[in-house]
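K.L.:
have a look at this fold, sequence not included:
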């Protein structure tokens, strides 16, 4: 008998679901992808070609899939609106859960997943914030944590997607929770990681524009936005998110401390190739998010698998996913109301008179 493998299923086979399924199928040696589910006929056709020939059983019904005999875990990459519902069902079925971000676009619904997980403490339940598994971000955190830059005080981070003229993000905005909840949620999670997972939010304020996709306005969303998050203890995060980059994926972070600073991906690049032309020298950059963070997703799959099989501590608190959604929702509310939003020291919103 060979070494034990984690029998895992994939819920959802859309843009990220396909990637998660293939990671667990081909790039996670200690896992075995045994099932996948999607209600979408086109995704089923894709799975019949790419998954079923390798012994993966396909389902159109998630509830049926999680009843499969021998199943131990599920990766949830379905539409955001059912993340929490599917996570809770898996937990109640005694399955480990890796859920794509966010748990929900609602703070209360996100908390319900945390509450369900608390009742099954033997299970590993993790929200997949992929940048925590990126080698460069991990190196930056290790250096900061060693005291190299003193006390981290200012955090500046951006997630900037290449312009997609297909209208995908306009349609997606209907249920994504808005650009801060969907796009900036990674930067928010990074801020909580670098400042400390239990950092308490003091205030948020944001502003945005629809520079190139005015159709987003019907969903109370924008294609470019900036947000400022202030924490108790004297730390500030500045966030920028955009859906209209011309060159490709441009995600970068700067951590400024009292004795120095660290940057991650300040000059984005696909590789180390320089292109010398009559107009000058240039480098290409990744065309999309996955191009930048592919290895991070693979690391995530392997480390989640190890935590399940070896009963290891997960690399992040599930409650942090709720805190990230709380901040993202507050930034989205500020964007739409034009008001600065304040919180007390236990995290509850408070009203302050504004000029």
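P.N.:
Yep, it's here. Fair warning: this is a prediction, and the values are worked out from it, not measured in the lab.
K.L.:
give the contact list for residue 232.
P.N.:
Residues near residue 232 by C-beta atoms under 8 Å, 6 or more residues apart in numbering: 199, 200, 201, 202, 345. Where you see a C-beta, it was placed from the backbone N, CA and C, and this is true even at glycine.
K.L.:
ok, those residues vs residue 285, which is closest?
P.N.:
Distance to residue 285 across the contacts of residue 232 (C-beta to C-beta) is lowest for residue 199, with 31.0 Å.
K.L.:
what sits closest to the closest one if chain neighbours are left out?
P.N.:
Spatial nearest neighbour of residue 199, chain neighbours left out: residue 231 (4.8 Å); criterion: C-beta to C-beta, 6 or more residues apart in numbering.
K.L.:
what is the neighbour count of the one you found?
P.N.:
Residues within reach of residue 231, counting by other C-beta atoms under 10 Å, total 20.
K.L.:
sorry, back to before: what subset of the contacts of residue 232 is buried?
P.N.:
199, 201, 202 (16 or more other C-beta atoms under 10 Å).
K.L.:
wait, isn't the second one in contact with residue 325?
P.N.:
No. Using C-beta atoms under 8 Å, residue 201 and residue 325 do not qualify as a contacting pair, with a distance of 11.8 Å.
K.L.:
so where's the protein shaky on pLDDT?
P.N.:
Residues of the chain meeting the criterion pLDDT under 70: 1-2, 353-355.
K.L.:
change it to 50
P.N.:
355 (pLDDT under 50).
K.L.:
any idea which residue of it is furthest from its center?
P.N.:
No residue in the chain sits farther from the centre than residue 278, which is 40.0 Å out by C-alpha atoms, centre = their mean.
K.L.:
which stretches in the stretch 201-350 of the chain count as strands?
P.N.:
201-209, 224-231, 235-245, 252-257, 260-264, 275-277, 280-282, 341-343, 349-350 (DSSP state E, counting those that start in this stretch).
K.L.:
including distance to residue 95, could the ones you listed go into JSON lines?
P.N.:
Listed next are these as JSON lines, based on distance: least, C-beta to C-beta, whole Å:
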{"stretch": "strand 201-209", "distance to residue 95": "32"}
{"stretch": "strand 224-231", "distance to residue 95": "34"}
{"stretch": "strand 235-245", "distance to residue 95": "33"}
{"stretch": "strand 252-257", "distance to residue 95": "33"}
{"stretch": "strand 260-264", "distance to residue 95": "34"}
{"stretch": "strand 275-277", "distance to residue 95": "48"}
{"stretch": "strand 280-282", "distance to residue 95": "48"}
{"stretch": "strand 341-343", "distance to residue 95": "34"}
{"stretch": "strand 349-350", "distance to residue 95": "34"}
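K.L.:
tell me how far residue 119 lies from residue 206.
P.N.:
35 Å (C-beta to C-beta, to the nearest Å).
K.L.:
who has more neighbours out of those two?
P.N.:
Using other C-beta under 10 Å, the more surrounded residue of residue 119 and residue 206 is residue 206, with 27 against 9.
K.L.:
tell me how far the more buried one lies from residue 341.
P.N.:
9 Å.
K.L.:
likewise for residue 108?
P.N.:
Look at residue 108 and residue 341: by C-beta to C-beta, they are 17 Å apart.
K.L.:
the two: which is more packed in?
P.N.:
Using other C-beta under 10 Å as the criterion, residue 108 and residue 341 rank with residue 341 on top: 20 against 10.
K.L.:
lovely, talk soon.
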